[in-house]
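Colleague: with the input below, show me the fold.
(2 chains)
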Number of protein chains: 2
Amino acid sequence: MLIIGERINCTRKPIARAVTNGDEAFIQQVALQQVRAGAAMLDVNGGIAGHEVEYLPWLVDVIQKVVDITLCLDSPDPEALGRALPLCRYRPMINSITDDPVRFSALAPLAQAYGARVIALCLSESGYPTTADDRIKIAASLIRRLTAAGIPPQDIYVDPAVFPVSTNTEYGNAVLDTIETVVKTYPDVHTICGLSNVSFGLPARMLLNQTFLVLAMGRGVDTVIADPCDSQLMANLAAAEMLLGRDEFCAAYLQAHQSGRLEPEKAVVSGQ
Amino acid sequence: MLIIGERINCTRKPIARAVTNGDEAFIQQVALQQVRAGAAMLDVNGGIAGHEVEYLPWLVDVIQKVVDITLCLDSPDPEALGRALPLCRYRPMINSITDDPVRFSALAPLAQAYGARVIALCLSESGYPTTADDRIKIAASLIRRLTAAGIPPQDIYVDPAVFPVSTNTEYGNAVLDTIETVVKTYPDVHTICGLSNVSFGLPARMLLNQTFLVLAMGRGVDTVIADPCDSQLMANLAAAEMLLGRDEFCAAYLQAHQSGRLEPEKAVVSGQ
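Modeller: Coordinates of the predicted model:
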């Protein structure tokens, strides 16, 4: 199970402020916190209207000064990606390609050129998916087109597109069923989801994200974009890995216990 | 989703002490706490060697003086059950019948005579089940024999038999796969599991029980025997119900939030 740290995202006010002020130290602190908390990659979103082309490469540079980690470049803008991708120390991930022909044809060549991993987000030009079937059809199309464009299946991470359950209580099941079907149908392809969308508009969002993580793991998801500084989330992850038979001799769980990571005092507020 | 409160169990020292001392007030307090915390039934285990025939009816009587709730009589002893069943105010549950011919033939007539619900525990006379297949075969046999004995499917609660993952890391998956298969194969039959066995022998047991609840709910379990006084467990339950589309308009979740039940300060120690 792999956690991509979600905190360096310009839709969050403290990050946007640090980026516009050129506050390297603040960004670096958020990067370090996430890596120390167990992130395996960091998501980097420099999405401030009109400035992404400038901010995304700046962020990559600033972050790589303090942490030695794979980055997940979070932008739909081919120009911003084109400038940030060559700066990445390790083979990066692109978040995300959709089945929209314009976005696909702009981003797939970049992924190919830089050997990047790709998040294949289940959205297309024909409106938002509602059911699992809608999502599975888009996933099939994306996998077909990405492999045809030279991206190997093991570099594809299908994201079912998590929408808030506050707007439709069936959205959770749609995502979970999509994960299960993709895992069974395409054993070489990864599945991923961004947890925090699920709880948008509801109280006790961290509880919902923590619980949705466990449900998604139960259906086979192998990667999530989430807040690794949420200690309850990380404890749930260690517990679920073991309960699902993915932690031989309970070794990682016992290690997490010994280092005090299983009894969260108080979850860190993620600032969302 | 239905929670059966697990705390009145003579394998727990404070309960055994209260039962042997005839301490009605202590037992009644534990009953009231569980009902106030959201238990829909109470498990009642009077299992002290040589005294169950006396203690089980005593417990039923003492509990029913303070709470008006369905009881789940937890005993393999036909004589103890035969004395306690007629005292129950509401149609009780028997915990549990197994596929062992001796136990089955002693308990099935009691269930039939009192119109009791029955926990069908996936154990047989031929040793412990290991895989999901082992469990599903026993479940099929139990459902066949119980319905033949006049117990309607909607009164049967299949318990896959939860063993500690500390002894075999595949035991969690075996239980989860059994739940899913029983739910799909026998739509009128319920599934149930006792959560706390899963964590036996491991640290941070409550975290494991809380996480296993969510995994089991994700596969369709509709009843659990657990500690309703564990506020994190109850918060997980409310979150999972909503994320799985079983809480129309998020009504129960929002209600739980408003009454302060979603942000557990500190989980109650269950004394195990």
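Colleague: what residues does chain A have near chain B?
Modeller: A:165-166, A:169-170, A:172-173, A:176, A:198, A:202-204, A:207-208, A:210-212, A:214-215, A:217-219, A:235-236, A:239-240, A:242-245, A:247-250, A:253-254, A:257, A:262-263 (C-beta under 8 Å from any C-beta of the partner chain). The way it works is simple: take the backbone N, C-alpha and C, and place the C-beta from them, glycine included.
Colleague: what are the buried residues along the top helix by length along chain A?
Modeller: Scanning chain A for the helix with the most residues, using DSSP state H, yields helix A:132-148. For helix A:132-148, a neighbour-count test (16 or more other C-beta atoms under 10 Å in any protein chain shown) marks A:132, A:134-136, A:138-140, A:142-143, A:145-147 as buried.
Colleague: state the pair within the residues you listed that is farthest apart.
Modeller: A:Ala132 and A:Thr147 (21.9 Å; C-beta to C-beta).
Colleague: just the buried residues of stretch A:93-113, please?
Modeller: A:93-100, A:103-104, A:106-108, A:110-111.
Colleague: mean confidence score for stretch A:152-172?
Modeller: The pLDDT scores in stretch A:152-172 average 97.
Colleague: so what does whichever helix or strand comes after the longest helix of chain A touch, helix or strand wise?
Modeller: Proceeding N to C from helix A:132-148, the next assigned helix or strand is strand A:156-159, under DSSP states H and E. Where contact means 3 or more C-beta pairs under 8 Å, 6 or more residues apart in numbering or on different chains; DSSP states H and E, strand A:156-159 is packed against strand A:117-121, helix A:132-148, strand A:190-194.
Colleague: repeat that for 10 Å
Modeller: Applying 3 or more C-beta pairs under 10 Å, 6 or more residues apart in numbering or on different chains; DSSP states H and E, we find strand A:156-159 packed against strand A:93-97, strand A:117-121, helix A:132-148, helix A:171-185, strand A:190-194, strand A:223-226.
Colleague: paired strands for that strand, with orientation please.
Modeller: Strand A:156-159 sits in its sheet next to strand A:117-121 (parallel), strand A:190-194 (parallel), going by DSSP bridges.
Colleague: sorry, back to before: any chance of the helices and strands packed on strand A:156-159 in JSON lines with distance to A:Gly50 as columns?
Modeller: JSON lines is the format used below for those (distance: least, C-beta to C-beta, whole Å):
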{"stretch": "strand A:93-97", "distance to A:Gly50": "20"}
{"stretch": "strand A:117-121", "distance to A:Gly50": "23"}
{"stretch": "helix A:132-148", "distance to A:Gly50": "29"}
{"stretch": "helix A:171-185", "distance to A:Gly50": "32"}
{"stretch": "strand A:190-194", "distance to A:Gly50": "24"}
{"stretch": "strand A:223-226", "distance to A:Gly50": "25"}
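Colleague: pull the distance from the helix or strand that A:Arg103 is a member of to the chain's centre.
Modeller: Assignment of secondary structure by DSSP H and E places A:Arg103 within helix A:101-114. With C-alpha atoms, centre = their mean, to the nearest Å as the basis, helix A:101-114 stands 19 Å off its chain's centre.
Colleague: averaged pLDDT, it. What do you get?
Modeller: Here the average pLDDT along helix A:101-114 is 96.
Colleague: other SSEs contacting that helix?
Modeller: Against helix A:101-114 (3+ C-beta pairs under 10 Å, 6+ apart) you get helix A:78-84, strand A:93-97, strand A:117-121, helix A:132-148.
Colleague: make TSV out of these and add mean pLDDT.
Modeller: Shown next, in TSV, are the helices and strands packed on helix A:101-114 (pLDDT from 0 to 100):
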stretch	mean pLDDT
helix A:78-84	97
strand A:93-97	97
strand A:117-121	98
helix A:132-148	98
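Colleague: tabulate these (TSV), appending distance to A:Leu32.
Modeller: Below are the helices and strands packed on helix A:101-114 laid out as TSV (distance: least, C-beta to C-beta, whole Å):
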stretch	distance to A:Leu32
helix A:78-84	20
strand A:93-97	20
strand A:117-121	23
helix A:132-148	33
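Colleague: figure out which of the ones you listed is closest to B:Ala37.
Modeller: Closest among those, using C-beta to C-beta: helix A:132-148, at 35.0 Å.
Colleague: report all helices and strands that that closest one contacts.
Modeller: When contacts are defined as 3+ C-beta pairs under 10 Å, 6+ apart, helix A:132-148 packs onto strand A:93-97, helix A:101-114, strand A:117-121, strand A:156-159, helix A:171-185.
Colleague: can you list the weak-confidence ranges in chain A?
Modeller: A:264-272 (pLDDT under 70).
Colleague: tell me the domain ranges of it?
Modeller: Domains of chain A are assigned by automatic domain parsing as A:1-90, A:91-229.
Colleague: which of these sits closest to B:Ala39?
Modeller: B:Ala39 sits nearest to domain A:91-229 of all those, at 20.6 Å, using C-beta to C-beta.
Colleague: what's the end-to-end length of the closest one?
Modeller: 24 Å (C-alpha to C-alpha, to the nearest Å).
Colleague: just stretch A:117-133 next, same as before
Modeller: The separation between the terminal residues of stretch A:117-133, taken as C-alpha to C-alpha, is 25 Å.
Colleague: skipping adjacent residues, who's closest to the closest residue to chain B within the stretch 51-200 of chain A in space?
Modeller: Per C-beta to the nearest C-beta, A:Gly172 is where the stretch 51-200 of chain A lies closest to chain B, at 4.2 Å. Spatial nearest neighbour of A:Gly172, chain neighbours left out: B:Leu243 (4.2 Å); criterion: C-beta to C-beta, 6 or more residues apart in numbering or on different chains.
Colleague: so what's the residue nearest the centre of chain A up against?
Modeller: Closest residue to the average C-alpha location of chain A: A:Ile225 at 3.0 Å, with C-alpha atoms, centre = their mean. The neighbourhood of A:Ile225, defined by C-beta atoms under 10 Å, 6 or more residues apart in numbering or on different chains, consists of A:2-6, A:9, A:39, A:41, A:43, A:72, A:74, A:95, A:119, A:157, A:159, A:162, A:192-197.
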